[in-house]
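Undergrad: need a structure here:
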Amino acid sequence: MNPRTAHPNAGIPGARRRLAVAASVGLALLALLDAWACPRLPRWFERWPVADSGFTPWESLAPGVDYARASLTHPRLMKCHAIRIDLTHPNARVKVAGDPDGVGGMTARWATSFLRRHGLVVAINATPFQPDVILPGRTVRPTGLVVKDAEQVSAPAANLDALVLEAGGTPRFQRSQRIEPGVFEVAGGFVVTLENGVNRGEAGLVDAVTSVGLSADRRWMFWLVVDGRQSGYSEGARGKDAADLMTTLGASDAMLFDGGGSSTLVARGGWAGARVLNRPRSPVISGLQRPVACVLGVRP
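TA: Numbering: from 1, shown residues only. Just a heads-up that it's a prediction; the model follows:
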């Protein structure tokens, strides 16, 4: 074609395609940064307390919210992260954070995204869901009951248990999920593993676990994440192991929430406004989060 007679807009479609590709790549990179929260050094750069020395002293992350961790070799290699929440503190309100689609589903997001979007100071993954997703933005369906701001989001699962937060903020575990009047928040999970100090956890599969516990006087709520299936770093825990760890932290009752690749604990801070405290199990990049349906969070 003679350049003198070519149409003046002939090159625009190709330029638009290149611009669209560049924008897509840029958005993907931003999503990865959002998921990672900050560049994670290889795990052998991490500094842990002496193995089997127990949990470290509680360190304050925010008013009413403390953090501790432990490196264990018995009953197997486990890297453990724990949060303690003072439920009597006026700036430590626990709530369910998620983005319902209005028809029983929720938009999957990174835990760090939920933390920033909902103004949380710390958050942990909560209700299991289907299907597993790699990137955020897709609609997923919670496996069990979720109630957010007194509005039911999903249907209960009769064979699973739940954490119930009443309007006054009093927490309790509910055996067999069901709708009850006066309930403000519900995060459905799997099953109760610790009940009145009795370990009811099963010796099932070893994997990453997420557990939530309560002290006998209901002053303290405990969160626990044990990283799993990362050879040479942290093999993971069984339900009964998680219950034992909860007892060590001071809980009398506890239950399991979604685990495996979903197990994620995040806190406010870092250059991105959020940081991942544990090292999630990811087939893509060590420490990369999996998008989840919802989280439990503390909002001041």
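
Undergrad: now do the end-to-end distance for stretch 228-243.
TA: In stretch 228-243, first residue to last residue: 16 Å (Cα to Cα, to the nearest Å).

Undergrad: in it, what counts as buried?
TA: 228, 230, 233-243 (16 or more other Cβ atoms under 10 Å). C-beta: built from backbone N, CA, C; applies to glycine.

Undergrad: shouldn't Arg290 be within a strand?
TA: No: according to DSSP: H, G, I helix; E, B strand; the rest coil, Arg290 belongs to no strand; its state is coil.

Undergrad: coming back round to it: show me the two of the buried residues of stretch 228-243 that sit farthest apart.
TA: Between any two of these, the greatest separation by Cβ to Cβ is 22.8 Å, found for Tyr233 and Ala243.

Undergrad: hang on, the earlier thing: save the buried residues of stretch 228-243 as CSV, and put in pLDDT too.
TA: Listed next are these as CSV, based on pLDDT from 0 to 100:
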residue, pLDDT
Gly228, 96
Gln230, 94
Tyr233, 95
Ser234, 96
Glu235, 97
Gly236, 97
Ala237, 98
Arg238, 97
Gly239, 97
Lys240, 97
Asp241, 97
Ala242, 98
Ala243, 98
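
Undergrad: which SSE is the closest residue to Leu288 other than its chain neighbours in?
TA: Once flanking residues are discounted, Leu288 sits nearest to Ser282: 3.9 Å by Cβ to Cβ, 6 or more residues apart in numbering. Assigned by DSSP states H and E, Ser282 belongs to no helix or strand.

Undergrad: looks like Ser282 contacts Gln289 (just checking).
TA: Yes: look at Ser282 against Gln289 with Cβ atoms under 8 Å: they come within range, at 7.4 Å.

Undergrad: so what's Ala82 bridging to?
TA: Counting by DSSP bridges, Ala82 is bridged to Ala68, Leu224.

Undergrad: contacting residues for it?
TA: By Cβ atoms under 8 Å, 6 or more residues apart in numbering, Ala82 lies in contact with 55, 67-70, 222-225, 245, 249.

Undergrad: I'd like to know how far it sits from Arg238.
TA: According to Cβ to Cβ, to the nearest Å, Ala82 stands 17 Å off from Arg238.

Undergrad: and the buried residues of stretch 228-243, which is closest to Ser176?
TA: For the buried residues of stretch 228-243, the nearest to Ser176 is Gly239 (17.6 Å; Cβ to Cβ).

Undergrad: can you tell me how far the residue nearest to that closest one when sequence neighbours are not counted sits from Val192?
TA: Spatial nearest neighbour of Gly239, chain neighbours left out: Gly201 (3.4 Å); criterion: Cβ to Cβ, 6+ apart. Per Cβ to Cβ, Gly201 is found 9 Å from Val192.

Undergrad: one step back: now the buried residues of stretch 228-243 as CSV including secondary structure and distance to Leu87?
TA: Conversion of those to CSV gives the following (DSSP: H, G, I helix; E, B strand; the rest coil; distance: Cβ to Cβ, whole Å):
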residue, secondary structure, distance to Leu87
Gly228, coil, 28
Gln230, strand, 32
Tyr233, coil, 33
Ser234, strand, 29
Glu235, coil, 32
Gly236, coil, 29
Ala237, strand, 25
Arg238, coil, 28
Gly239, helix, 24
Lys240, helix, 26
Asp241, helix, 25
Ala242, helix, 21
Ala243, helix, 21
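
Undergrad: residue contacts, the closest residue to Pro49 other than its chain neighbours?
TA: Computed as Cβ to Cβ, 6+ apart, the closest residue to Pro49 that is not its neighbour in sequence is Thr56, at 5.4 Å. Contacts for Thr56 were tallied using Cβ under 8 Å, 6+ apart; they are 49, 68-70.

Undergrad: kindly indicate which of the residues you listed lies nearest Gly182.
TA: When the contacts of Thr56 are compared for distance to Gly182 (Cβ to Cβ), Ala68 wins out at 33.6 Å.

Undergrad: what about the closest one, how many residues nearby?
TA: Residues contacting Ala68 under the criterion other Cβ atoms under 10 Å number 18.

Undergrad: from here on, count from 426
TA: All right, first residue 426 from here; so that's Ala493.

Undergrad: cool, thanks, signing off.
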